[in-house]
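Asks: Got a sequence here, can you model it:
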Amino acid sequence: MSRQAPCPSDVDGPTAGFLADAGHLRIGGFVPLTTIDYPGELAAVVFCQGCPWRCRYCQNGALIDPSATPVIAWSQVRELLERRRGLLDAVVFSGGEPTLQSALPAAMTEVRDLGFKVGLHTAGSAPKRLARLLPLLDWVALDIKALPEDYPAITGIPRSGEAAWESLSLIQASGVSLEVRTTAMPDWTERDLATLAAALAQRGVRRYAVQACETRNALDPLLPLLAIPLAQLAAAVDTASFERFLLRGH
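Replies: So this is what the prediction gives:
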């Protein structure tokens, strides 16, 4: 299922530098209040437009196209956030893949200046860009989809796994609070998940969440139905090797 996808420079245009005014952030969705997207904090979520990968189970297909018309301007989001100072704790940038937008550092800086914590949901597809963002971040949720060699079967993009696992190392070295997340593919066996979990534990991951794969409305209409219940898959994981292990959507 390999498809051509935009490289990071394509998302912002071939001449764009990494830094751009926050007003150029292309936003595909905005949630003004959530209790589940930043652990322990009341947060707003900004969904950034554009993604370089084509994950088979993706539920946010409308966010993939980087050229799609934004649904809300950053100036409107900022006004909403200004009115919610003292009510919200944090702002999470999600996607799509937010790190591919050159306006993201400026938007994060504005959020910090307003007094909010800054969170990021990322698949780690652009390690160099992620490295520049880490000083602005308080918390990261990183999708680790599989072992590096198994990524192309999920994302449709060659060598995508190397980028994600490099991003894992960068976040760990930075000291930013990290949660690693995996969406279990519907055809995985207990051994598949246990092997991945063991590799993550060996790499020093302390907080790990495994999510159920939703096949309805998935980007790939041929994605098979769930073969083994998530709780059964997770039973093979050595949960004691993590400080915190969570199951979501089972």
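Asks: which other helices and strands contact the longest helix seen in the chain?
Replies: Ranked by residue count and defined by DSSP state H, the top helix of the chain is helix 160-174. Other helices and strands packing on helix 160-174, by 3 or more CB pairs under 8 Å, 6 or more residues apart in numbering; DSSP states H and E, are helix 127-133, strand 139-143, strand 177-183. Quick note: C-beta positions are derived from backbone N, CA and C, even for glycine.
Asks: what's the most buried one of the ones you listed?
Replies: strand 139-143 (a mean of 22; mean count of other CB atoms under 10 Å).
Asks: Does V92 have any beta-bridge partners, and if so which?
Replies: V92 forms beta bridges with V45, G119, as assigned by DSSP bridges.
Asks: That one touches Y38, doesn't it?
Replies: Yes. If you go by CB atoms under 8 Å, V92 and Y38 touch, sitting 5.2 Å apart.
Asks: any residues in contact with both of those two?
Replies: Residues touching both V92 and Y38 (CB atoms under 8 Å, 6 or more residues apart in numbering): G119.
Asks: what about G23, distance to P105?
Replies: Applying CB to CB, to the nearest Å, the value for G23 to P105 is 13 Å.
Asks: out of the two, which sits in the more crowded spot?
Replies: A side-by-side neighbour count of G23 and P105, using other CB atoms under 10 Å, places P105 first with 19 against 13.
Asks: what's in contact with whichever strand or helix holds the more buried one?
Replies: According to DSSP states H and E, P105 maps onto helix 104-113. Here helix 104-113 makes contact (CB under 8 Å, 6+ apart) with 18-22, 25, 46, 48, 74, 78, 81, 91, 93, 98, 118, 132-133, 136-137.
Asks: One more pass at 10 Å, please.
Replies: 12, 18-25, 27, 44, 46, 48, 74, 77-78, 81-82, 90-93, 98-99, 101, 116-120, 129, 132-133, 135-138 (CB atoms under 10 Å, 6 or more residues apart in numbering).
Asks: from the chain's centre, how far out does that helix sit?
Replies: 18 Å (CA atoms, centre = their mean, to the nearest Å).
Asks: For it, buried residues please.
Replies: With burial defined by 16 or more other CB atoms under 10 Å, the residues of helix 104-113 counted as buried are L104, P105, A106, A107, M108, E110, V111.
Asks: Also stretch 214-221?
Replies: Those would be T215, A218, L219, for stretch 214-221 by 16+ other CB under 10 Å.
Asks: got JSON lines for the buried residues of helix 104-113, with distance to S160 and pLDDT too?
Replies: Listed next are these as JSON lines, based on distance: CB to CB, whole Å; pLDDT from 0 to 100:
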{"residue": "L104", "distance to S160": "20", "pLDDT": "98"}
{"residue": "P105", "distance to S160": "23", "pLDDT": "97"}
{"residue": "A106", "distance to S160": "27", "pLDDT": "97"}
{"residue": "A107", "distance to S160": "25", "pLDDT": "98"}
{"residue": "M108", "distance to S160": "24", "pLDDT": "98"}
{"residue": "E110", "distance to S160": "31", "pLDDT": "97"}
{"residue": "V111", "distance to S160": "28", "pLDDT": "98"}
